[in-house]
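> got a predicted structure plus its sequence, pasted below:
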Amino acid sequence: MVQANNGDAVKVHYTGRLLDGSIFDSSEGRDPLAFTMGKGMMIPGFEAGVLGMKIGEKKSVQIAPEDAYGATDETRLFPVNKSELPPDMPLEVGMPLTADAGDGRPFQVVIKEVHPEYVVLDANHALAGKDLVFEIELVEINGNQSKSGLIY
């Protein structure tokens, strides 16, 4: 039976959970997730979990932060004076904001701490530093894809 290998276009159904069991993402009720193995389209631990699976196979994969979104990077935490934010903005821990990279490009941050004069913003990925558990079902393999997209 055919197994998923690097270069194969695959489709999977999945549910992603944190170690406490809470779901952070799922393909339930949607089309399966499609990606090409070995192209870096997915986090390394997810691809490693799919590698070698057969169509119809289901498995659970636990992924450490270093094979997912990395460890929390303390250099991506930065204080901002409240005077730089709109005065009527309610500031709550966990609140998402869009910041300016200084060159006009927006990026997402989350309020990590609220202090009397400033807030600490976190620009890490929301899943950085977390162990992830994926329930994966391989539903389709479309052979090895060449650069032109042709199957050979």
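Done, it's in.
> all strands in this structure, in order from the N-terminus.
Along the chain, the segments classed as strands by DSSP state E run 8-18, 23-26, 33-36, 58-63, 77-81, 96-100, 106-114, 118-122, 132-144.
> what helices or strands is the helix or strand of the chain with the lowest mean pLDDT leaning on?
In the chain, the helix or strand scored least confidently by mean pLDDT, DSSP states H and E is strand 96-100, which has a mean of 89. Judged by 3 or more Cβ pairs under 8 Å, 6 or more residues apart in numbering; DSSP states H and E, the packing partners of strand 96-100 are strand 106-114. Every residue, glycine included, has its C-beta placed from N, CA and C.
> the strand it packs on pairs with which strands?
Its sheet considered, strand 106-114 pairs with strand 96-100 (antiparallel), strand 118-122 (antiparallel) by DSSP bridges.
> out of the ones you listed, which gets nearest to Leu18?
Closest to Leu18 of the strands paired with strand 106-114 is strand 118-122 (Cβ to Cβ; 16.9 Å).
> run through the bridge partners of Arg17.
Beta bridges link Arg17 to Ile23, Val133, judged by DSSP bridges.
> near it, how many other residues are there?
18 (other Cβ atoms under 10 Å).
> surely it meets Leu132?
Yes - Arg17 lies in contact with Leu132 (Cβ atoms under 8 Å); the separation is 7.3 Å.
> check contacts around the residue nearest to Ile43 when sequence neighbours are not counted.
Spatial nearest neighbour of Ile43, chain neighbours left out: Ala68 (4.9 Å); criterion: Cβ to Cβ, 6 or more residues apart in numbering. By Cβ atoms under 8 Å, 6 or more residues apart in numbering, Ala68 lies in contact with Ile43, Pro44, Gly45, Phe46, Leu127, Lys130, Asp131, Leu132.
> mind doing that once more with 7 Å?
Counting by Cβ atoms under 7 Å, 6 or more residues apart in numbering, Ala68 touches Ile43, Gly45, Leu127, Leu132.
> okay, the closest residue to the third one other than its chain neighbours and Arg76: tell me how far apart.
Spelled out, that is Leu127. Ranked by Cβ to Cβ, 6+ apart and with sequence neighbours excluded, the top spatial neighbour of Leu127 is Tyr69, at 4.6 Å. Computed with Cβ to Cβ, to the nearest Å, the distance linking Tyr69 and Arg76 is 12 Å.
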